[in-house]
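# Sharing a model prediction with you, sequence too.
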Amino acid sequence: MPMTRGRVSFARVAIGGDAPRSLNGDTLALLEAGVIGVGGTAVSQEIEAGWTAGDHVFDHSFAHEKNTFSAGGCGLLGLRIDTNRVPAEIKRALRAQHETAVAETHGGTLTRSGKREARDLTEHAVLDELASGKHRKSAAADLMWDAARGVVLSAAAGQGVIDALRAHWKATLDGSLMPESAGGVAWRLASARGDTRWLEDVRPAVFTPVPDGAASDRPDAPWCHAGGATDDWIGNEMLLWLWYSAEAGDGIAVTLDGGERVEAEIVFDGPIELECPWGVMGKVAIKAHEEGVAASRTAEAREAIRIGKQPRRAGLMISDGEQAWRLTLQADRWLISGCELPKDETDDELDPRELVEVRVERIRRLDALLMGLLDAFIQIRSGDGWSVVQPRIAEWARTGERPSRIVPPNAEIAVSPLESGSSVSETAAVSS
């Protein structure tokens, strides 16, 4: 499965309710009871979902040595989704056949009652087609169930997969799932500190002059109104702040789960996509320059932010000082794709089980780092320090000149999502 080899992609889905916070024999038994074909109905359904043990869609052999990691705090599994639909062309053909047959029994005329009879015969024929299984298609989505941290990381982010995951989770594990885009993650982090009031009223910031044709003096990030949370723009502002911080040479001190503090370093070293938050200047996708110049440093990227476009998706390298992850982050939807996990020279000495365990921990650490980065931004954005940071980002966007550092290199500028304490605004203001 992708979680155990190669590059990693995932969407974040938060766990609520009474779902288990660790994986044990009882948990594996619940998963086994939730495979396709167990406790099902005699009538074949158009869409069915069931758990798999991860190797393939028919793998129902759950075991601790294969599925549980981090002393039971995390598990790898899959969601099998079967689609069993009769194609529309076949439905039309079946109906035409039955209408012809019924008409022949009525002297060649298809009466009103004959149409009803043909419709009923067609419905039975469609059920027979479904029961035959010849139209069934199976697919699997790989999952990391981080029970200890209350989150599922899904390698598939499509709405159909997420809907099936939520429904099957509720049916088999007696809990609830909530997909988390940037706005949802922000609410989770702010709620952990009891500081959500600012989120209720905050609006997108203005970094550049309002463009001609804008309907308002503030952007409203129209992409956030297409089915997502309307405050997902927080992710885009965070990505702009990370871009600024990377060019300023600022490391960002974050606190991970458990209280560990690290200084994260960010490099924009991949393609970048920007869009007008007022919805009047379109979007642009920029790849690395053919001479090796990073996309974020090209003239096209500089011009895009100068006129007010904001980054929605960017290729990044994130380092915690010891390991580095290369990935693409779509910040508003909080989607991670194509992530190249850190490697160590000792990896070749590990047995297969140990190597998967190491990969699991590296994925969990990346998720914690990203949460810590957003939390650091939220503390700046919600505090007095924003009055220092916002004008500096605006000046950098306007001039394109290398920005000055926001905070002293040794300043601690983040507080754990599970802690309360000094605000980042207090340290950010020191350098003003």
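Arrived safely, thanks for sending.
# Flag the shaky bits of the protein, pLDDT-wise.
Applying pLDDT under 70 to the chain picks out residues 1, 38-44, 227-228, 290, 404-432.
# I'd like to know how many residues surround residue 302.
Other residues near residue 302 number 14, with proximity taken as other CB atoms under 10 Å. Heads up, the C-betas are built off the backbone N, CA and C, glycines and all.
# swap that for residue 105, sorry
9.
# likewise the one 10 residues further on?
Residues contacting residue 115 under the criterion other CB under 10 Å number 15.
# how about it, what does it touch?
Residue 115 sits next to 99, 102 when contact means CB atoms under 8 Å, 6 or more residues apart in numbering.
# Can you tell me the SS state at it?
At residue 115, secondary structure determined by DSSP: H, G, I helix; E, B strand; the rest coil is helix.
# Next, work out how far apart it and residue 77 are.
Counting by CB to CB, to the nearest Å, the separation of residue 115 from residue 77 is 48 Å.
# and what of residue 391?
48 Å.
# So for the two, which sits in the more crowded spot?
Neighbours were counted for residue 391 and for residue 77 using other CB under 10 Å; residue 77 has more, 25 against 12.
# wait, the more buried one sits on residue 50?
No - applying CB atoms under 8 Å, one finds residue 77 not in contact with residue 50, separated by 10.8 Å.
# Longest helix in this structure, please.
If you go by DSSP state H, the chain has its longest helix at helix 352-382.
# for the helix or strand just after that helix, packing partners?
Remark: after helix 352-382, the chain's next helix or strand is helix 386-399, criterion DSSP states H and E. With contacts defined as 3 or more CB pairs under 8 Å, 6 or more residues apart in numbering; DSSP states H and E, helix 386-399 has these neighbours: helix 233-248, helix 299-306, helix 424-428.
# ok, residue 279 to residue 225 distance?
10 Å.
# Over to residue 270?
Relative to residue 225, and taking CB to CB, residue 270 is found at 27 Å.
# the more surrounded of the two?
Neighbour comparison, residue 270 and residue 225: the larger count goes to residue 270, with 20 against 12 (by other CB under 10 Å).
# With respect to burial, which of the helices and strands packed on helix 386-399 scores highest?
Mean neighbour count (mean count of other CB atoms under 10 Å) peaks for helix 233-248 among those, with a mean of 24.
# So which elements touch whichever helix or strand comes after that helix?
Counting by DSSP H and E, the next helix or strand C-terminal to helix 233-248 is strand 252-255. Applying 3+ CB pairs under 8 Å, 6+ apart, one finds that strand 252-255 contacts strand 261-275, helix 352-382.
# hmm, back to that, distance to residue 110 added to the helices and strands packed on helix 386-399, as JSON lines?
Output for those, formatted as JSON lines (distance: least, CB to CB, whole Å):
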{"stretch": "helix 233-248", "distance to residue 110": "57"}
{"stretch": "helix 299-306", "distance to residue 110": "62"}
{"stretch": "helix 424-428", "distance to residue 110": "75"}
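# Quick one: residues contacting residue 325.
Counting by CB under 8 Å, 6+ apart, residue 325 has contacts 317-319, 339-342, 362, 366, 369.
# which of those residues are buried?
Neighbour counting over the contacts of residue 325 (16 or more other CB atoms under 10 Å) leaves 317-319, 339, 341-342, 362, 366, 369 as the buried ones.
# Much appreciated, bye for now.
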